[in-house]
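Novice: Sequence and predicted model, in that order:
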Amino acid sequence: MVPKVKLGSQGLEVSAQGLGCASMSGNYGLPKPEPDMIKLIHHAIDSGVTFLDTSDVYGRNANEILIGKALKEKGVRDKVQIATKFGVQWIDGKLDACGDPAYVRSCCEASLKRLDIDYIDLYYVHRIEIRVPIEITMGEVKKLVEEGKVKYVGLSEACASTIRRAHAVHLITAVQNEWSLWSRDLEDEIVPTCRELGIGIVPYSPIGRGFLASGPKLVESLIDGDSRKIMPRFQNVDHNKIVFERVNEMVTRKRCTAAQLALAWVHHQGTDVVPIPGTTKLENFNQNVEALSVKLTPEEMTELESFASSDVVKGERHAFMQYTWINSDTPSLSSWKSS
């Protein structure tokens, strides 16, 4: 069974590894068959992975509905921790960030209904809007906490100063950010800020969206509609394959898979780090869980990091970096286009 850990300093307890559910509803191509995904979610819970991550934007509401059905069928609401998000909406075929209080409340009510639950364990601001100060957004989230509709609050892809400003309005339990061997831009400011404030860190895509598990073979197999096709790093596969090849060299020594090695590196970042690798395959889920047993020495950690330093990896970590807010308080998602 996967052990439980404290996430953040406000009392939330989750499984030491979570399950990212976005790809079940079509983020990487077509949605997967619902019965298969419900079976996977049930298997995850039985294995001790009880920290389930979703969002109202995944599958345009479909992912929350899927998780709601899975929980109802199994009757295990009290054993799981549901993390969902608000703050990204579709307008005229484009994605736009929104933090308006009325929108915040309507999103929460809608998510509760789709998930068929009475409260959300961890509610993230998915993306930060520049038109509404984060203090205003957080003020409404705080009301939802006071009303018992939300237990704990998180931020996703927020810069250090935004984290501090939000935390001053209501204590932040977790910050979610992409973090893997080849996505390390949060280490300079985000991680130290979270640790100073007692905020847990939830890395998504800890296996490099699958590239660190399969390398060039993955890119060759991507189908139309898979968002990874337009991501700069996947378009620079001839250069970036060296990262996978070097990681794979250590696999033989460690007697594990490349995915397990990449995931183990994230786990070794600290006890305040709870990664949420996503998958739609039972065998991949089982392998990901086994990554918790892979032990790395400080020397091996350093060696792994040298394989994917910033001067080795070519391309931004996703297709929309020009609109992100890692180093800026003025993010905008208005130019995100649906694929």
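Specialist: That came through fine. All of these numbers come straight from a predicted model, not from anything done at the bench. Numbers count the residues shown, from 1 in each chain.
Novice: Read off the pLDDT value for the residue of the chain positioned farthest from its centre.
Specialist: In the chain, the greatest distance from the average C-alpha position (C-alpha atoms, centre = their mean) is reached by Arg253, at 29.2 Å. You'll see Arg253 listed with a pLDDT of 91.
Novice: Assign it to helix, strand or coil.
Specialist: Of the three states, Arg253 takes helix under DSSP: H, G, I helix; E, B strand; the rest coil.
Novice: can you map out the strands along the stretch 1-150 of the chain?
Specialist: For the stretch 1-150 of the chain, the strands defined by DSSP state E, counting those that start in this stretch occupy 4-7, 12-15, 19-20, 51-53, 81-86, 88-91, 94-97, 120-125, 150-156.
Novice: Redo those as a markdown table? Include distance to Ile190, mean pLDDT and mean neighbour count.
Specialist: Quick note: C-beta positions are derived from backbone N, CA and C, even for glycine. A markdown table is the format used below for the strands of the stretch 1-150 of the chain (distance: least, C-beta to C-beta, whole Å; pLDDT from 0 to 100; neighbours: other C-beta atoms under 10 Å):
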| stretch | distance to Ile190 | mean pLDDT | mean neighbour count |
| --- | --- | --- | --- |
| strand 4-7 | 16 | 98 | 19 |
| strand 12-15 | 19 | 98 | 22 |
| strand 19-20 | 19 | 98 | 26 |
| strand 51-53 | 18 | 98 | 27 |
| strand 81-86 | 17 | 98 | 26 |
| strand 88-91 | 20 | 83 | 15 |
| strand 94-97 | 18 | 83 | 18 |
| strand 120-125 | 14 | 98 | 25 |
| strand 150-156 | 10 | 98 | 24 |
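Novice: Distance of the residue farthest from the centre of the chain relative to Glu300?
Specialist: Using C-beta to C-beta, to the nearest Å, Arg253 is found at 9 Å from Glu300.
Novice: cool, and Thr279?
Specialist: Remark: distance between Thr279 and Glu300 (C-beta to C-beta) = 25 Å.
Novice: Of these two, which one has the most company?
Specialist: Thr279 (22 against 18; other C-beta atoms under 10 Å).
Novice: check contacts around the more buried one.
Specialist: Neighbouring residues of Thr279 by C-beta atoms under 8 Å, 6 or more residues apart in numbering: 19, 23, 40, 285, 288.
Novice: now do Asp56
Specialist: Counted by C-beta under 8 Å, 6+ apart, Asp56 has contacts 64, 84-86, 88, 107, 110-111, 114.
Novice: what's the answer for Leu52, then?
Specialist: Contact partners of Leu52, counting by C-beta under 8 Å, 6+ apart, are 18-19, 21, 41, 44, 67, 80-83.
Novice: out of those, who's nearest Asp96?
Specialist: Distance ranking of these against Asp96, using C-beta to C-beta, places Ala83 first at 22.2 Å.
Novice: pretty sure the closest one contacts Gly154?
Specialist: Yes. Taking C-beta atoms under 8 Å as the definition, Ala83 is a contact partner of Gly154 at 7.0 Å.
Novice: Residues that sit against both of those two, list them.
Specialist: Common neighbours of Ala83 and Gly154, using C-beta under 8 Å, 6+ apart, are 122-124, 174, 176, 202.
Novice: Which two of the contacts of Asp56 have the greatest separation?
Specialist: The largest separation in those, counting by C-beta to C-beta, is between Val88 and Arg114 at 15.4 Å.
Novice: And the nearest residue to Met37 once chain neighbours are set aside, how far from Glu64?
Specialist: Residue nearest to Met37 in three dimensions, not counting chain neighbours: Met24, with 4.4 Å by C-beta to C-beta, 6 or more residues apart in numbering. Separation of Met24 from Glu64 (C-beta to C-beta): 11 Å.
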